[in-house]
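> What shape does this take:
(one chain, ligands or ions: 1)
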Amino acid sequence: MVFSRFFKKADQADLGDEADRADLPNPEDELAPEEMVEPSLAERAAARMPGAASTGSKRADALYGDADVDAPAGPTHFIRADGCRIETDARETLVDCTMALGAVAIGYADPAVTRAVMEAAGAGNVSGLSHALEVDVAERFCEVVPCAEKVQFLKSGAEAVSAAVRIARTHTGREVVIGCGYFGWHDWSSDAAGVPAAVRGNYRTVPFDDIAALERAVTDAGKTLAAIVIEPVVERLPSTEWIARARALCDAAGAVLVFDEVKTGFRLATGGYQQYADIVPDLAAFGKALANGFPLAAVCGRADVMDAARKTWISSTLAGESTALAAAYVVLELHRESDVCADLARIGSEMRLAVQAALDASGAGGVALEGLDPMWFLRFESTRDETTFLRTAASEGVLFKRGAYNFASLAHDEEAMHAIEGAASAGFIAIREAGAQS
Ligand SMILES: Cc1ncc(COP(=O)(O)O)c(C=O)c1O
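Numbers count the residues shown, from 1 in each chain. Below you'll find the model as predicted:
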């Protein structure tokens, strides 16, 4: 009865006599839209949650844009996900190109991952002691991530990068951090409302792939520089000169080089950008695809730097709970057995070819396909066009990402490619037609 709260009859306290009970819908059965609870889930979410969703990128305006266009926004809630497909609360099926913001690379509800997670849950996923699986996963993780001599598990990407920064500051005894990229919502790198100016004052941003700007920032920081934190792929690969310069500048300054591999790990290469480019940082943060959608993140790195974690305090009650570790164990096995990242690149390339074919045939302009094969995106010149595209594509059964990225998964099959081409085609034609009318 997990989903019973979504359905009108099962929600009612007065269930009537036995005959009525026999008529109660089985939540597993197909239900007509008129049987859904009113108001909609989106309305109920808006009433009870700021932004209507706990993940910013899953808010309706984040998904579909808020430009005033003819097409209505698409669905906001799902009840089931399988492979690359999601079933919405209105029982529509969408091919998902966002793959939970890159958290799922193998596929939703992958049988091997699900089995391992269920087994871990059945055996009790936490206790007063660490689970034995934590050691197995730590050992296997350190085998495949170049910088990882030691690792500590956490639950979110933001936690893992924050931990890396805390460790770097503890190791160096310094405070200033230079960064380039998105590292999650935590205070140290955020300029959002509510972040104290004093915290913000110890963080300097530099533009992506700009050697001169990086050198200036390092000179300005002088002996106060604790770390350079880099998200290695921001819409495109950086020049290796920029990354190599960051490595050399950290070495010269006695600072810590941190790679945020939350998106690139277990996707661009198993060991992330550092494996791909053969430039090894002192510390790195992983998350997302590491546990195929289960909540696990990791801070890892050189043993002497990681050991600074013992001089500070980095701990979370559920960091080592075993369901996410079990998922990660299966992911690590899959990467050991086959070249998962090569498959993701091939499948991503097929997705891009399908969208490019739709674009070429449509005659629409003002849009380009960019990014890397396993993580690509559409760059629209006009927000209105992007909104029109996303909403039209959703109504045709495909969820594309607004901005970066659409993520390939092993579950995007041939049928999905056809759906992607068809929905993209409808989206691009809608843009062209809207342009012709205005
Ligand atoms: C590069 C990068 N670092 C950190 C984060 C934060 O991870 P999480 O949302 O799991 O806290 C993200 C999330 O998108 C990310 O893309």
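
> going forward, measure contacts between C-alpha atoms and count neighbours the same way
Will do.

> Look up phi and psi at residue 375.
Torsion angles at residue 375 (phi, psi; degrees, to the nearest 10) stand at phi -150, psi 100.

> And for residue 309?
Dihedral pair for residue 309: phi -60, psi -30, per degrees, to the nearest 10.

> Tell me, how many residues neighbour it?
Counted with other C-alpha atoms under 10 Å, residues neighbouring residue 309 total 19.

> ok, the residue nearest to it when sequence neighbours are not counted to residue 146 distance?
Counting by C-alpha to C-alpha, 6 or more residues apart in numbering, residue 309 lies nearest to residue 167, which is 5.5 Å off, once chain neighbours are set aside. From residue 167 across to residue 146, the span is 18 Å (C-alpha to C-alpha, to the nearest Å).

> Neighbour count: these two, which is higher?
Comparing residue 167 with residue 146 by other C-alpha under 10 Å, the one with more neighbours is residue 167, at 27 against 23.

> a helix runs through that one, doesn't it?
Yes. Assessed with DSSP: H, G, I helix; E, B strand; the rest coil, residue 167 lies in a helix.

> Would you mind listing the residues in contact with it?
Contact analysis of residue 167 by C-alpha atoms under 8 Å, 6 or more residues apart in numbering lists 305, 306, 308, 309, 312.

> Residue 266: which of the residues you listed is nearest?
The nearest member of the contacts of residue 167 to residue 266, counting by C-alpha to C-alpha, is residue 306 at 21.3 Å.

> check contacts around the closest residue to the ligand within the stretch 1-150 of the chain.
Nearest residue of the stretch 1-150 of the chain to the ligand: residue 101, at 6.8 Å (C-alpha to the nearest ligand atom). By C-alpha under 8 Å, 6+ apart, residue 101 lies in contact with 405, 406, 407.

> likewise residue 391?
Here residue 391 is in contact with 64, 71, 72, 73, 74, 427 (C-alpha under 8 Å, 6+ apart).

> Tell me the spacing between the third one and residue 64.
Counting by C-alpha to C-alpha, the gap from residue 72 to residue 64 is 9 Å.

> rewinding a little: of the contacts of residue 101, which is the most crowded?
residue 407 (31 neighbours).

> tell me the phi and psi of it?
phi -110, psi 130.

> is it true that it touches residue 99?
Yes. If you go by C-alpha atoms under 8 Å, residue 407 and residue 99 touch, sitting 6.0 Å apart.

> Need the residues touching each of those two.
Common neighbours of residue 407 and residue 99, using C-alpha under 8 Å, 6+ apart, are residue 105.

> The nearest residue to residue 299 once chain neighbours are set aside is in what secondary structure piece?
Computed as C-alpha to C-alpha, 6+ apart, the closest residue to residue 299 that is not its neighbour in sequence is residue 285, at 4.6 Å. Per DSSP states H and E, residue 285 falls inside strand 283-286.

> Ok, residue 267 next?
Counting by DSSP H and E, residue 267 is part of no helix or strand.

> Same question for residue 94.
For residue 94, the element it lies in under DSSP H and E is strand 93-96.

> quick one: average pLDDT of that strand?
Averaged over strand 93-96, pLDDT sits at 98.

> Can you list the buried residues in it?
Within strand 93-96, the residues scored as buried using 16 or more other C-alpha atoms under 10 Å are 93, 94, 95, 96.

> now for that strand, which elements pack on it?
Counting contacts by 3 or more C-alpha pairs under 8 Å, 6 or more residues apart in numbering; DSSP states H and E, strand 93-96 packs against strand 85-88, strand 398-399, helix 414-437.

> Could you please name the strands the strand holding residue 285 pairs with and the direction of each pair?
Applying DSSP bridges, strand 283-286 is found paired with strand 256-260 (parallel), strand 297-301 (antiparallel).

> Of those strands, give the one that comes closest to the ligand.
Closest approach to the ligand among these is made by strand 256-260 (5.6 Å; C-alpha to the nearest ligand atom).

> contact partners of the closest one?
With contact meaning C-alpha under 8 Å, 6+ apart, strand 256-260 is reached by 161, 164, 168, 172, 183, 226-232, 246-247, 250, 274, 281-286.

> how about a cut-off of 7 Å?
With contact meaning C-alpha atoms under 7 Å, 6 or more residues apart in numbering, strand 256-260 is reached by 161, 168, 226-232, 247, 250, 281-286.

> just those that are near the ligand?
residue 231 (C-alpha under 6 Å from any ligand atom).

> Highest neighbour count among the contacts of residue 167?
Among these, residue 306 has the most neighbours (other C-alpha under 10 Å), with 25 neighbours.

> so that one, which of the three states?
helix.

> Identify the residues contacting it.
For residue 306, the contacting residues are 150, 167, 300, by C-alpha under 7 Å, 6+ apart.

> mind giving me the domain split of this protein?
Domains of the chain are assigned by automatic domain parsing as 30-108+340-437, 126-320.

> lowest-confidence stretch among those domains?
domain 30-108+340-437 (a mean of 95).

> Give the buried residues for stretch 337-354.
By 16+ other C-alpha under 10 Å, the buried positions in stretch 337-354 come out as 340-354.

> Only alpha carbons, please: show the host helix or strand of residue 79 as PDB.
Assigned by DSSP H and E, residue 79 belongs to strand 78-82. Taking Å, rounded to 0.1, in the frame of the first residue of the first chain, the C-alpha atoms of strand 78-82 are listed here in PDB:
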ATOM      1  CA  PHE A  78       6.600  10.400 -10.300                       C
ATOM      2  CA  ILE A  79       5.500   7.300  -8.600                       C
ATOM      3  CA  ARG A  80       7.800   4.700 -10.300                       C
ATOM      4  CA  ALA A  81      11.100   4.700 -12.200                       C
ATOM      5  CA  ASP A  82      12.500   1.800 -14.200                       C
END
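
> Great, nothing more from me.
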